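S.K.: quick check, what structure comes out for this input:
(one chain, ligands or ions: 2)
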Amino acid sequence: MIAPSILAADFSKLGELVREVTKAGADRIHVDVMDGHFVPNLSMGSVVVKGLRPVTTIPLEVHLMVEDPGRFLDGFVKEGADTLIVHLEVLADPRPMLEHIKKALGKKVGLAFNPDMPIERIEPYLRDIDLALCMTVFPGFGGQAFIPDSLERLKKLRALVNEHNPACEIEVDGGIDARTIGTAAGAGANVFVAGTAVFGAPAGPAAAVKNLALLASEQMSW
Ligand SMILES: O=C(CO)[C@@H](O)[C@H](O)COP(=O)(O)O
Ligand SMILES: [Fe+2]
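M.R.: Ligands and ions are numbered 1, 2, ... in the order given. Below you'll find the model as predicted:
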């Protein structure tokens, strides 16, 4: 599954671009939310989800790179978010929030973690989540290079997911492009966030979505 990240889109044409990737077969839209504290950058809030909701029928997933995600969940749900992804780094006890998103808010829940988080730390929560978001760059900015060590981490994560909750999706985020998507897929990922490789593609976003989906599907042998 391909999840174009709108962080790399031309915001003056956001609706048009989201319609284009939807038509090209994108599976979901990835919305990067940054608070300037958890990551050294600011991005967008629930108003963007509100604007995009009528534009596309595919799910909108919200990647909350914020210190205090609990403050913002209701607002994103109200505007039409389908999946809420929170970072393990900011949660002393993740379970209450994971359960709140799933049971009280009735939304899909993702748990994200940075490239320096030991994979074993995710294991206790795999049964509680719909999606494990393995950062393949340090969060905060688009256009960074995929961290090669991520491949070994993905293999470990795939083994743990298969053991505890095979329905849990493994999403990769950061530096995913035509060169890296195949190896990430081969190592165990099945959802691919791509910002620059979609919205910055010389051939255009539609062609990029189709090409990335093809390259990923050829390598998913696990
Ligand atoms: O969460 C983030 C960055 O913190 C990502 O979702 C980026 O937006 C991905 O951008 P590319 O690396 O694909 O350009
Ligand atoms: Fe993201």
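
S.K.: straight-line length of stretch 184-200, end to end?
M.R.: For stretch 184-200, the first-to-last residue distance is 20 Å (Cα to Cα, to the nearest Å).

S.K.: again, but for stretch 67-86
M.R.: Start-to-end span of stretch 67-86 (Cα to Cα) is 10 Å.

S.K.: now do it, average pLDDT.
M.R.: For stretch 67-86, the mean pLDDT works out to 98.

S.K.: contact partners of that stretch?
M.R.: Residues outside stretch 67-86 that contact it (Cβ atoms under 8 Å, 6 or more residues apart in numbering) are 28, 31, 33, 35, 37-38, 45-47, 49-50, 52-53, 59-64, 66, 87, 90-91, 94, 97-98, 100-101, 105, 107-112, 130-131, 133. C-beta: built from backbone N, CA, C; applies to glycine.

S.K.: what's the answer for stretch 127-135, then?
M.R.: Contacts of stretch 127-135 (Cβ under 8 Å, 6+ apart): 61, 63, 83, 85, 94-95, 98-99, 102, 108-115, 122, 126, 150, 153-154, 157, 161, 164-165, 167-174, 189, 191.

S.K.: how about the residues of the protein near ligand 2?
M.R.: By Cβ under 5 Å from the ion, the residues of the chain that approach ligand 2 are 32, 63, 173.

S.K.: please identify the helix or strand for the nearest residue to the last one once chain neighbours are set aside.
M.R.: The shortest distance from Asp173 to any residue that is not its chain neighbour, by Cβ to Cβ, 6 or more residues apart in numbering, is 4.0 Å, and that residue is Val193. Element membership for Val193 (DSSP states H and E) is strand 191-194.

S.K.: before we move on, back to that, give me the buried entries from the contacts of stretch 67-86.
M.R.: 28, 31, 33, 35, 38, 45-46, 49, 52, 59-64, 66, 87, 90-91, 94, 97-98, 101, 105, 107-112, 130-131, 133 (16 or more other Cβ atoms under 10 Å).

S.K.: what sits against whatever residue of the chain ends up closest to ligand 2?
M.R.: Residue of the chain nearest ligand 2, by Cβ to the ion: His63 (3.7 Å). Residues near His63 by Cβ under 8 Å, 6+ apart: 30-33, 85, 110, 112, 133, 173, 193.

S.K.: per-residue pLDDT, it?
M.R.: pLDDT, read off for His63, is 99.

S.K.: after the host helix or strand of it, next one along is what?
M.R.: Assigned by DSSP H and E, His63 belongs to strand 60-65. Downstream of strand 60-65, the first helix or strand assigned by DSSP H and E is helix 73-79.
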